[in-house]
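**Student:** Give the three-dimensional model of this entry:
(2 chains)
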Amino acid sequence: MTDTLKSICEQCAHLNSPRLDFIPAQLVRHRDIIIRGLRELVLATSSESEKTVVVLCGILLEAILYTFIWSQQSYIAQRRGSFTFYPEQSLSNYVSIFNRWFSDVLPNAVLPDFVIDYRAIVHINRELQFPPDICGVASRDFLRILDSFLGEISQFPAPE
Amino acid sequence: MGNQLNSQGMSDVAQLNLAEKWKEVKLRALLEDMVEYHKGVYPNGPLALAIWFKKSVQGGEHCLLELFKGIPIDRIVGPTRVSLSWRIDPNEPPFVLIDATSVEFFEQQLASKSPILANYFDRYEALYFDKNLLPDNVLAAFNILTEPAGLIKGWYVTADEYAQTRDLRGLLASHGNSKPHIGLVKMEESQDFENCRGVLNAEIGQKWLPISPSGIVNHTFYNDTLAGRAGYFLFQGGSFYQILKFEIKTAPEYSARLLERSRDDRYPEVYLRAVRASE
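**Tutor:** Purely as a prediction, here's the structure:
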């Protein structure tokens, strides 16, 4: 028997007490949405709801990346020459932007491609492409990835 | 005096190099923005490859090759001249000359060693690729390496899943259609092939790269093993191994066998024992 979601979540300091310094003060709504998501995620782990945890982790990762990249537009532009944030892009785009421009400064926050596959499990046709126990493994991997990701990016506060 | 002149000269060269580098960075950003826009141009023909060729930061015209998957084109269309500032002013330099065709046509030409492709291999850089849309020979032609030699790809199988199935064919049937999430480069294997050890890789940006010591702690297979629970890896082709242990090893020599060197030459190494189907 593998670790329960509840026991994993109890060890995830950043999911339980998030430091959301990467969110600029003016993005109150973004912060509220992320905090609500984290609260619901912790609740879902206590009932061992694997699919709910996968879906919520995916939603949260997207929300965090969206907010982080939005707030770091000038940092990216400074390194890239120019940068425009497109709010309609997919998680795959945000992961790719993050890995490309932050992997050198936040090497422990690099995101593997399989988080994009896990996020897509929200769609039945995608879940059907995986083995039947995918939510068991994905929910556990995703919780730990999200927790360490939150911990890492909190070292990169929002610009003043 | 001479030294002063020398150091002045050196600093001028450094400034010049820096200015050139910055010009290239800005130009690449403009080209990438255009490529990003072209990803959605054909609803049924996704962009598969964008190559910046005859690469130079000088001059007002730059060259781009774009391959689209499945579009009904059997020739190279272009060059089409477009301003890289097209969103603001379509007449403003610099410009890009775009050659576009289908992946299928390009592959045919490549196979027949057609001379019309020669230009694209002159000072080129891949700005974008989707390996799922490109045949191996196109990836190889542009030297796009997406996995290290000898990589075997597969999936983690929990003890519970194995206990339920106990049958290699059944495991392969349930995992075989899904995308592999783990890759192994064997570093050593016993002569009887019973035991091996190697470095685990994960896909990052469509490239199989070694999992870092900080990254491995997020994986269920690692935590299960640490907690003393049995766990297995099933690889494409049917090899099946039980995970024995993990060790973080400093091994600078491994970088030659992997696509990317770790920052401190430390790699988590997994020790595996082959499991026969009947076990």
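
**Student:** Quick test: name the residue nearest the centre of chain B.
**Tutor:** residue B:207 (2.9 Å; Cα atoms, centre = their mean).

**Student:** Chain A now?
**Tutor:** Note: chain A centre (Cα atoms, centre = their mean) maps to residue A:61, 2.0 Å.

**Student:** The host helix or strand of that one and chain B, any residue contact?
**Tutor:** Element membership for residue A:61 (DSSP states H and E) is helix A:50-71. No - against chain B, helix A:50-71 shows no contacts by Cβ under 8 Å from any Cβ of the partner chain, the least distance being 11.7 Å. Where C-beta positions appear, they are placed from N, C-alpha and C, glycine not excepted.

**Student:** Look up the closest residue to residue A:119, ignoring the ones flanking it.
**Tutor:** Spatial nearest neighbour of residue A:119, chain neighbours left out: residue A:58 (3.5 Å); criterion: Cβ to Cβ, 6 or more residues apart in numbering or on different chains.

**Student:** One more: residue B:203?
**Tutor:** Nearest non-adjacent residue to residue B:203, counting by Cβ to Cβ, 6+ apart: residue A:113, 4.2 Å away.

**Student:** neighbouring contacts of the helix or strand containing residue A:126?
**Tutor:** For residue A:126, the host element (DSSP H and E) is helix A:124-127. For helix A:124-127, the surrounding residues in contact (Cβ atoms under 8 Å, 6 or more residues apart in numbering or on different chains) are A:117, A:120-121, A:134-135.

**Student:** Could you dump those into CSV with neighbour count and secondary structure added?
**Tutor:** Converted to CSV, the contacts of helix A:124-127 look like this (neighbours: other Cβ atoms under 10 Å in any protein chain shown; DSSP: H, G, I helix; E, B strand; the rest coil):
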residue, neighbour count, secondary structure
A:117, 20, helix
A:120, 18, helix
A:121, 21, coil
A:134, 24, helix
A:135, 20, helix
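
**Student:** okay, now residue B:134: neighbour count?
**Tutor:** 22 (other Cβ atoms under 10 Å in any protein chain shown).

**Student:** Give me the nearest residue to it, chain neighbours excluded.
**Tutor:** Nearest non-adjacent residue to residue B:134, counting by Cβ to Cβ, 6+ apart: residue B:48, 5.2 Å away.

**Student:** my guess is residue A:30 meets residue A:63, correct?
**Tutor:** Yes - counting by Cβ atoms under 8 Å, residue A:63 is a contact partner of residue A:30 at 7.4 Å.

**Student:** Could you report the neighbour count for whatever residue of chain A ends up closest to chain B?
**Tutor:** Relative to chain B, the nearest point of chain A is residue A:81 (3.5 Å; Cβ to the nearest Cβ). Residues lying near residue A:81 (other Cβ under 10 Å) number 18.

**Student:** The residue nearest to the centre of chain A contacts residue A:91, correct?
**Tutor:** Yes - with contact defined as Cβ under 8 Å, residue A:61 counts as touching residue A:91 (6.9 Å).

**Student:** hey, what's in contact with both of those two?
**Tutor:** A:115, A:119.

**Student:** quick revisit: how about the helix holding residue A:61 as CSV, C-alpha atoms only?
**Tutor:** These are the backbone C-alpha positions of helix A:50-71, laid out as CSV (Å, rounded to 0.1, in the frame of the first residue of the first chain):
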residue,chain,number,x,y,z
GLU,A,50,-7.4,10.8,-6.2
LYS,A,51,-9.0,12.2,-9.3
THR,A,52,-10.1,15.4,-7.6
VAL,A,53,-6.5,15.9,-6.4
VAL,A,54,-5.1,15.4,-9.9
VAL,A,55,-7.6,17.9,-11.4
LEU,A,56,-7.0,20.5,-8.6
CYS,A,57,-3.2,20.1,-8.8
GLY,A,58,-3.4,20.7,-12.6
ILE,A,59,-5.7,23.8,-12.1
LEU,A,60,-3.4,25.1,-9.4
LEU,A,61,-0.2,24.6,-11.4
GLU,A,62,-1.7,26.5,-14.3
ALA,A,63,-2.9,29.3,-12.0
ILE,A,64,0.5,29.6,-10.3
LEU,A,65,2.4,29.6,-13.6
TYR,A,66,0.0,32.1,-15.1
THR,A,67,0.4,34.5,-12.2
PHE,A,68,4.1,34.0,-11.9
ILE,A,69,4.9,34.5,-15.6
TRP,A,70,2.5,37.5,-15.7
SER,A,71,4.3,39.1,-12.8
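
**Student:** my read: residue B:246 touches residue B:217, true?
**Tutor:** No - look at residue B:246 against residue B:217 with Cβ under 8 Å: they stay out of range, at 9.9 Å.

**Student:** The two - which one has more neighbours?
**Tutor:** The residue with more neighbours, out of residue B:246 and residue B:217, is residue B:246; 20 against 17, by other Cβ under 10 Å.

**Student:** Residue B:212: which of the contacts of helix A:124-127 is nearest?
**Tutor:** Comparing the contacts of helix A:124-127 against residue B:212 with Cβ to Cβ places residue A:117 closest, at 19.9 Å.

**Student:** Please list all residues in contact with the closest one.
**Tutor:** So residue A:117 contacts A:126, B:179, B:181 (Cβ under 8 Å, 6+ apart).

**Student:** Can you tell me the closest non-neighbouring residue to the second one?
**Tutor:** Nearest residue to residue B:179, sequence neighbours excluded (Cβ to Cβ, 6+ apart): residue A:117, at 6.1 Å.

**Student:** For burial, what's the neighbour tally of residue 105?
**Tutor:** Assuming you mean chain A. 12.

**Student:** actually chain B
**Tutor:** What residue B:105 shows, counting by other Cβ under 10 Å, is a neighbour count of 18.

**Student:** Make sure it is indeed in a strand.
**Tutor:** No - in this structure, residue B:105 is helix, not part of a strand, as judged by DSSP: H, G, I helix; E, B strand; the rest coil.

**Student:** could you say which helix or strand contains residue B:246?
**Tutor:** strand B:240-250.

**Student:** quick one: strands adjacent to that strand?
**Tutor:** Strand B:240-250 has its sheet partners listed here by DSSP bridges as strand B:231-235 (antiparallel), strand B:266-274 (antiparallel).
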